[in-house]
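> Below are the sequence and a predicted model for it; my questions follow.
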Amino acid sequence: MAVSVLPSQGDCHRFLERQRDTRPHGHALVTQPAAVRALEDLKEAHNAFSSIGVDVGALHWWSYKGIMPIAVQLPTGKSSRAERRFQTDRSSLLFGKNVQGVEDGPRNSWLWTGDGEYSTDLVIAADGVLQPITNEKETISQLAQGARLAPWLEPGTKHGVLGSDRFVFSRFVNNGILGVLFNDVDHAGSGPVDGNWNTPVDVDALRTRFSDFKVTTRAFLDHVQHAEKWQMATGPELDTWWSASGRVVLLGDAAHAMLPHAARGLSEGIEDAISLSHMLRWATKSGVDRVDTPAVTDAWVNLPKPRVDIFMK
């Protein structure tokens, strides 16, 4: 998000990403209306999401034991699509950069990687760009030939299957991949805060857990050879996203990682990045010789944090 937002507001920016490339993870991005409105205010906003944007059409809701949809979402307008880019005349995205240290200075901040040192007015810590995907063993066209899977694979549709304490959500994502989320709310307790974000899951146990779901769900699980589970952990709340000097700030998951509930995680990250970029732009246009970065970041933290704290609770 920061890669897209900050260059649009001017000045020079350098983004350090620990991953080696931009391979997509394969999950769908879901945002709240407030974040969508914020994106509409951002110049060239859709450029950042075009390569992973897929028109999946109407949402069909099913009972976990039903054979026909119980509700179908009304169609909405299509979003625009454009070419994605990671290089502009004002920013650069550097891959394979693991940050080893940050120094919070009164007039500038520094950070170190394994191969260099960077000095800047402001250091922004956010979540990573993208992560690898799992290679599929069977193509969608092959799966669609089976009568049991056909309802899920109809072009232009996405599907939600509702159970009492579990649900399934399937939709096409980029590169012709069908993304399927199996949500087991009360499966186990939270993991360690410093644990891996994604870990392999026992596919046989997953099949057993959803064995009482309708035939389409079970048929899909018969074809699953590898699955991953999201790390869920409970950590301490941060008192602030702001360093002592105001020249190091946290945003997005780095500031307020939360469960993927009601699309709040991604939506709050979008709102963080856009609100910070606008406040920096307004300060730059105020006519002063040097922007008071700590004053801007202090004001910015006090804008979204109280609202985010409510959602996190």
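Good, I have the coordinates.

> does Lys97 really touch Trp112, like I thought?
No. In this structure, Lys97 sits apart from Trp112 without contact. The criterion is C-beta atoms under 8 Å, and the distance is 10.2 Å. The way it works is simple: take the backbone N, C-alpha and C, and place the C-beta from them, glycine included.

> neighbour count winner among those two?
For the pair Lys97 and Trp112, the greater number of neighbours falls to Lys97 (19 against 14), based on other C-beta atoms under 10 Å.

> what's the pLDDT at that one?
Each residue has a pLDDT score; the one for Lys97 is 74.

> What values do phi and psi take at it?
phi -110, psi 110 (degrees, to the nearest 10).

> where in the stretch 51-200 of the chain is pLDDT low?
Where the stretch 51-200 of the chain drops to pLDDT under 70, the residues are 51-56, 73-95, 126-146, 174-176, 186-187.

> Please, where are all the helices along it?
Taking DSSP state H, counting those that start in this stretch as the test, the helices found in the stretch 51-200 of the chain are 140-144.

> go on, the stretch 201-313 of the chain?
Remark: helices assigned in the stretch 201-313 of the chain by DSSP H, counting those that start in this stretch are 203-209, 215-223, 253-256, 264-284, 293-301, 305-312.

> And those helices: which comes nearest Val123?
Go through the helices of the stretch 201-313 of the chain one by one with C-beta to C-beta and the one that ends up closest to Val123 is helix 293-301, at 10.3 Å.

> Packing partners of that closest one?
Packed against helix 293-301 by the contact rule (3 or more C-beta pairs under 8 Å, 6 or more residues apart in numbering; DSSP states H and E) you find strand 248-250, helix 264-284.

> so which of these comes closest to Gln231?
Evaluated with C-beta to C-beta, those place helix 264-284 nearest to Gln231, the distance being 12.9 Å.

> Next, the angle helix 305-312 makes with that closest one.
Helix 264-284 and helix 305-312 meet at an angle of 180 degrees, taking axes from the mean of the first three to the mean of the last three C-alpha atoms, to 10 degrees as the criterion.

> Verify the contact between Ile270 and Ala35 for me.
Yes. Counting by C-beta under 8 Å, Ala35 is a contact partner of Ile270 at 4.1 Å.

> before we move on, back to that, Throw the helices and strands packed on helix 293-301 into CSV and include mean pLDDT and distance to Ala71, thanks.
Converted to CSV, the helices and strands packed on helix 293-301 look like this (pLDDT from 0 to 100; distance: least, C-beta to C-beta, whole Å):
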stretch, mean pLDDT, distance to Ala71
strand 248-250, 88, 39
helix 264-284, 81, 23
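
> neighbour count winner among Ile270 and Ala35?
For Ile270 versus Ala35, the count of surrounding residues by other C-beta under 10 Å is larger for Ile270: 26 against 21.

> Quick check: Leu111 vs Leu250, distance?
When C-beta to C-beta, to the nearest Å is applied, the distance between Leu111 and Leu250 equals 14 Å.

> coming back round to it: please convert the helices of the stretch 201-313 of the chain to a markdown table, extending it with distance to Asp194.
Formatted as a markdown table, the helices of the stretch 201-313 of the chain follow (distance: least, C-beta to C-beta, whole Å):
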| stretch | distance to Asp194 |
| --- | --- |
| helix 203-209 | 25 |
| helix 215-223 | 31 |
| helix 253-256 | 14 |
| helix 264-284 | 19 |
| helix 293-301 | 25 |
| helix 305-312 | 19 |
